[in-house]
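Chemist: Provide a 3D model corresponding to the input given below.
(one chain, ligands or ions: 1)
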Amino acid sequence: MAYRSIFDGTELRAEFEKSGINTRFIPSIWKHVLQNPNCKWEEIPSLPSTVYPLLNSKFKPLTSTLCSVTDSTDGVTSKLLLQLQSGAFVEAVIMRYDTRLGRYGGKPRPGGPRSTLCVSSQVGCKMGCKFCATGSMGFKNNLLAGEIVEQLVHASCISNIRNIVFMGMGEPLNNYMALVEAIRTMTRSPFQLSPRRVTVSTVGIIHAINKLQYDIPNLNLAVSLHAPVQDIRCQIMPAARAFPLEKLMDALRVYQNNSQQKIFIEYIMLDGVNDEEQHAHQLGKLLETFEVVVNLIPFNPIGDLSRFRTSSEVKVNSFQKVLRSTYNIRTTVRKQMGQDISGACGQLAVNLQEKICTSADRLADIEDLPL
Ligand code: SF4
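Modeler: All right, here's what the predicted structure looks like:
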């Protein structure tokens, strides 16, 4: 029988209620598991006696297994390979950052050492973006909410996680219920992350963006725009056909009006496709009335998958200049992107079993973004 993760909150609450057990015990169970991921249920003190048989019969502290941790040579990033109960593999990446150093082109800021965790929400992805390794895998499965939260539990054994970015494998808004449930768990005791420290990256699933702002206010939203016009978007992101750019921008307008927060725009720079001066002007006009931060992401060719080329540094710099000086749009350039999952969703492994993954040692940190 497949056990549920103890971090499948909805399931756990329903089972408690069905058995007449007070759900107020849930945070203390989660806290114990967070501190002792390999615990046995009987080791958790001070629970009603009816809790133990229920947990033993239906739940496991962790349903996923941490198979490997690959540290970058500079110690900045750690890539976690996790095997789910189904046998499928997903990745999560810890990115360490010290605001005082002002690394990756960011300015030194007060704060100190901190870690951001990039989590996966699906095994594979059905959106099929042409430049993306995960997209080439196709869609395999949605993660359960507990499987998403377990990535945080595993990572918390390695580092003190302060921020979460949903930029790993999958389109998070295509796994909406699990995403919302996982974020609710992450923002409650014992994790207590502020929603403002959680960033959800999407290709622009309009109906889900409209709903998300009410289900979880104050989240950071990152939109993988990647082109300033619908035609080019459709060429490189087939899923964009279902989400016309004009309607997407309308949804973002409403989102921004409601949230009063900046929106992060991710733009992967593909040589000769979307990186010309005219594209910069089109993007500038599209975004000039929004409060956005644009992250330009020099494309990283991944093995044979690459049918695109990386934009030259000169082109990237001129693109940035147009956005900044003509349209006054805050624009950053990811220094070593493609590998940089903090700049675009789904740049993770195409073949996890063979561990052909993006180079975690070149990842930058979401906190380098001017949040
Ligand atoms: S870029 Fe994101 S949405 Fe597109 S295929 Fe990759 S994981 Fe999916």
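
Chemist: Quick one: name whatever helix or strand follows the helix or strand of the chain with the lowest mean pLDDT.
Modeler: Lowest on mean pLDDT, DSSP states H and E among the helices and strands of the chain sits helix 133-137, with a mean of 80. For helix 133-137, the following helix or strand on the C-terminal side (DSSP states H and E) is strand 139-142.

Chemist: Name the residues that touch that following strand?
Modeler: 86, 88, 121-126, 170, 174-175, 178 (Cβ atoms under 8 Å, 6 or more residues apart in numbering). Yep, even glycine has a C-beta here, placed from its N, CA and C like the rest.

Chemist: and if you look at stretch 284-296?
Modeler: Contacting residues not belonging to stretch 284-296 are listed as 228, 245, 249, 252-253, 256, 261-267, 269, 283, 316, 319-320, 322-323, 326-334, 343, 369-370 [Cβ under 8 Å, 6+ apart].

Chemist: right, is that stretch up against the ligand?
Modeler: No. Contact of stretch 284-296 with the ligand (Cβ under 6 Å from any ligand atom) is absent, the minimum separation being 13.7 Å.

Chemist: still on that earlier bit, tell me if the least confident helix or strand of the chain is near the ligand.
Modeler: Yes. Counting by Cβ under 6 Å from any ligand atom, contacts between helix 133-137 and the ligand involve 134-135.

Chemist: Which other helices and strands does that helix contact?
Modeler: Secondary-structure packing of helix 133-137 (3 or more Cβ pairs under 8 Å, 6 or more residues apart in numbering; DSSP states H and E): strand 122-124.

Chemist: Show the average pLDDT along the strand it packs on.
Modeler: When pLDDT is averaged along strand 122-124, the result is 94.

Chemist: likewise stretch 37-44?
Modeler: For stretch 37-44, mean pLDDT rounds to 96.

Chemist: Can you list the buried residues in that stretch?
Modeler: Within stretch 37-44, the residues scored as buried using 16 or more other Cβ atoms under 10 Å are 41, 44.

Chemist: three-state assignment of T331?
Modeler: Using DSSP: H, G, I helix; E, B strand; the rest coil, the structure places T331 in strand.

Chemist: now it: how far from I265?
Modeler: 9 Å (Cβ to Cβ, to the nearest Å).

Chemist: cool, and S312?
Modeler: Going from S312 to I265 by Cβ to Cβ gives 21 Å.

Chemist: In terms of packing, which of these two has more residues around it?
Modeler: Regarding S312 and I265, a neighbour count based on other Cβ atoms under 10 Å identifies I265 as having more, with 25 against 13.

Chemist: How is that one assigned, secondary-structure-wise?
Modeler: Following three-state DSSP, the label given to I265 is strand.

Chemist: biggest strand in the chain, by residue count?
Modeler: Scanning the chain for the longest strand, with DSSP state E as the assignment, gives strand 89-98.

Chemist: Give me the helices and strands touching the helix or strand following that one, please.
Modeler: The C-terminal neighbour of strand 89-98 among helices and strands, as given by DSSP H and E, is strand 113-118. Counting contacts by 3+ Cβ pairs under 8 Å, 6+ apart, strand 113-118 packs against strand 89-98, helix 145-156, strand 161-166.

Chemist: which stretch among the ones you listed comes nearest the ligand?
Modeler: strand 161-166 (10.1 Å; Cβ to the nearest ligand atom).

Chemist: Identify all contacting residues around the closest one.
Modeler: 94, 114-119, 121, 152, 155, 172, 179, 183, 186, 193, 197-201, 222, 341-342, 345, 366-367.

Chemist: Which secondary structure element is home to Q282?
Modeler: Q282 belongs to helix 277-287 when assigned by DSSP H and E.

Chemist: between the helix or strand that comes right after that helix and helix 277-287, how many degrees?
Modeler: Heading C-terminal from helix 277-287, the first helix or strand you meet, by DSSP H and E, is strand 292-298. Put simply, strand 292-298 runs at 150 degrees to helix 277-287, going by axes from the mean of the first three to the mean of the last three Cα atoms, to 10 degrees.

Chemist: so where's the stretch 51-200 of the chain shaky on pLDDT?
Modeler: 99, 101-111 (pLDDT under 70).

Chemist: Which parts of the protein are helices?
Modeler: Shown for the chain, the helices assigned by DSSP state H span residues 9-18, 26-35, 51-58, 133-137, 145-156, 176-186, 206-215, 230-236, 245-259, 277-287, 313-321.

Chemist: can you list the ones you listed in JSON lines and add mean neighbour count and distance to G75?
Modeler: Below are the helices of the chain laid out as JSON lines (neighbours: other Cβ atoms under 10 Å; distance: least, Cβ to Cβ, whole Å):
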{"stretch": "helix 9-18", "mean neighbour count": "16", "distance to G75": "34"}
{"stretch": "helix 26-35", "mean neighbour count": "18", "distance to G75": "24"}
{"stretch": "helix 51-58", "mean neighbour count": "16", "distance to G75": "37"}
{"stretch": "helix 133-137", "mean neighbour count": "24", "distance to G75": "24"}
{"stretch": "helix 145-156", "mean neighbour count": "26", "distance to G75": "15"}
{"stretch": "helix 176-186", "mean neighbour count": "22", "distance to G75": "25"}
{"stretch": "helix 206-215", "mean neighbour count": "16", "distance to G75": "34"}
{"stretch": "helix 230-236", "mean neighbour count": "17", "distance to G75": "34"}
{"stretch": "helix 245-259", "mean neighbour count": "16", "distance to G75": "35"}
{"stretch": "helix 277-287", "mean neighbour count": "18", "distance to G75": "36"}
{"stretch": "helix 313-321", "mean neighbour count": "16", "distance to G75": "27"}
